[in-house]
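[1] Would you be able to build a 3D model of this:
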Amino acid sequence: MSDKAQPETPQPATVQSGTVPVPGTIAFLGLGHMGGPMAVNLVKAGYTLTGFDVVPAALDSARSNGITTADTAADAVAGAAVVLTMLPSGKHLLDAYLGTGGAPGLLQTAATGTLFLDCSTINVDEAREAAALARAVGHRAVDAPVSGGVVGAEAGTLTFMVGALPEDFEAVKPMLEVMGKRVVHCGEHGAGQAAKICNNLILGVSMIAVSEAFVLGEKLGLTHQALFDVASAASGQCWALTTNCPVPGPVPTSPANRDYTPGFAGALMAKDLKLALNALESTGVAARLGPLASEIYDTFAAEGGAGRDFSGIITDIRDKSAH
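    I've put the predicted structure just below:
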């Protein structure tokens with residue numbers, strides 16, 4: 001037998017908490033374009049996971065990728081140490097936690113001390129409300145929205161922005177590191193959502209600026225490559241330019257080279273900018289570009305851009321420019 005150290009086998013999650021009957025089991029609720037590949041990566045890493053989604057096709061896809069699924073959310077949550085949610089909105093999350101139509105919610109279904117980990121992107125106030133509701137009945141709560149899109153979810157290279165008590169952050173960090181390459185503890189409950197919407201406010205505004213600059217460059221006779229070569233190495237450098245460049249050619253992996261197949265869809269950018277707008281209004285920040293960016297992406301999504309990559313905003317700018 002070799003004296004060389006053998007590689008460690010990934011171990012299922014273990015969350016020591018109260019009266020959870022089967023420590024280590026994860027209930028993953030929301031197996032769509034983001035949640036599905038995230039769940040797959042957890043299973044590949046050795047975690048014990050039961051998934052659920054209200055969309056039958058998502059369940060079929062999950063099963064084809066080796067994920068055990070349940071017939072209901074309550075069935076998935078029964079016996080789980082961690083309940084991970086990836087849902088479309090704060091309303092969906094709060095309805096799931098509290099229950100609707102007289103049916104018990106997840107907070108009632110789960111054993112005392114369950115760790116509720118929400119990776120949805122929702123309003124900061126909704127994240128704080130969800131955490132308060134969970135803690136009020138003896139559970140633990142973490143908000144950990146993600147950045148990186150479907151490509152990052154599939155590759156396990158997401159960035160997680162985490163709002164949690166320090167001990168709860170340490171409990172979920174190994175799981176998050178399986179699904180992402182960067183995990184940042186931003187503060188207590190709601191801080192993860194705050195970081196996410198601030199980041200995407202920057203992203204939305206910068207993509208509009210980069211797109212306007214390329215359309216202006218076209219009008220002035222610049223090639224896309226010439227503008228990219230200058231701006232990517234000068235003060236105009238930003239992620240919207242160097243990674244998600246809105247014109248085909250300079251960055252071969254950008255969605256512009258695939259007819260703006262997302263990526264990060266225009267509808268999602270419109271949603272995230274709406275969340276940022278809500279936060280701007282509730283805090284009284286004297287913002288001008290954020291509200292305008294929100295209006296621009298709302299229009300883009302409504303006029304056919306909802307399912308296209310958000311960098312497709314350049315086509316809208318180009319189409320509406322004077323000839």
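[2] Tell me the helices and strands packed up against the helix or strand containing Leu227.
    Taking DSSP states H and E as the definition, Leu227 sits inside helix 224-231. If you count contacts as 3 or more CB pairs under 8 Å, 6 or more residues apart in numbering; DSSP states H and E, helix 224-231 packs onto helix 191-219. Bear in mind the C-beta positions are built from the backbone N, C-alpha and C, glycine included.
[3] quick check: angle from the helix it packs on to helix 224-231?
    130 degrees (axes from the mean of the first three to the mean of the last three CA atoms, to 10 degrees).
[4] okay, stretch 148-161 in CSV with CA atoms only?
    Taking C-alpha atoms only, stretch 148-161 is exported to CSV below (Å, rounded to 0.1, in the frame of the first residue of the first chain):
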residue,chain,number,x,y,z
GLY,A,148,-22.1,35.0,-13.2
GLY,A,149,-25.1,33.9,-15.2
VAL,A,150,-25.9,30.5,-16.6
VAL,A,151,-22.4,30.0,-17.8
GLY,A,152,-21.0,30.5,-14.3
ALA,A,153,-23.7,28.3,-12.8
GLU,A,154,-22.7,25.4,-15.1
ALA,A,155,-19.0,25.9,-14.6
GLY,A,156,-19.2,26.4,-10.9
THR,A,157,-17.6,29.8,-11.1
LEU,A,158,-20.3,32.0,-9.7
THR,A,159,-19.7,34.8,-7.2
PHE,A,160,-21.8,34.7,-4.1
MET,A,161,-22.6,37.8,-2.1
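[5] Mind checking the pLDDT average for that stretch?
    What stretch 148-161 shows for mean pLDDT is 92.
[6] Can you list the buried residues in it?
    Using 16 or more other CB atoms under 10 Å as the test for burial, stretch 148-161 gives 148-150, 152-154, 156, 158-161.
[7] could you pull out the helices for the stretch 51-200 of the chain?
    With DSSP state H, counting those that start in this stretch, the ranges of helices along the stretch 51-200 of the chain come out as 56-64, 73-77, 90-98, 106-109, 124-136, 149-155, 166-179, 191-219.
[8] same question for the shortest one, mean pLDDT?
    Spelled out, that is helix 106-109. pLDDT averaged over helix 106-109 gives 95.
[9] Mind listing residues that contact it?
    Contact with helix 106-109 is made by 29, 73-74, 77-78, 83, 96-99, 116, 133-134, 137, 139, as judged by CB atoms under 8 Å, 6 or more residues apart in numbering.
[10] Any quick PyMOL command for the buried ones out of those?
    Buried members of those, defined by 16+ other CB under 10 Å, are picked up in PyMOL with:
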select buried, resi 29+73+74+77+78+83+96+97+99+116+133+134+139
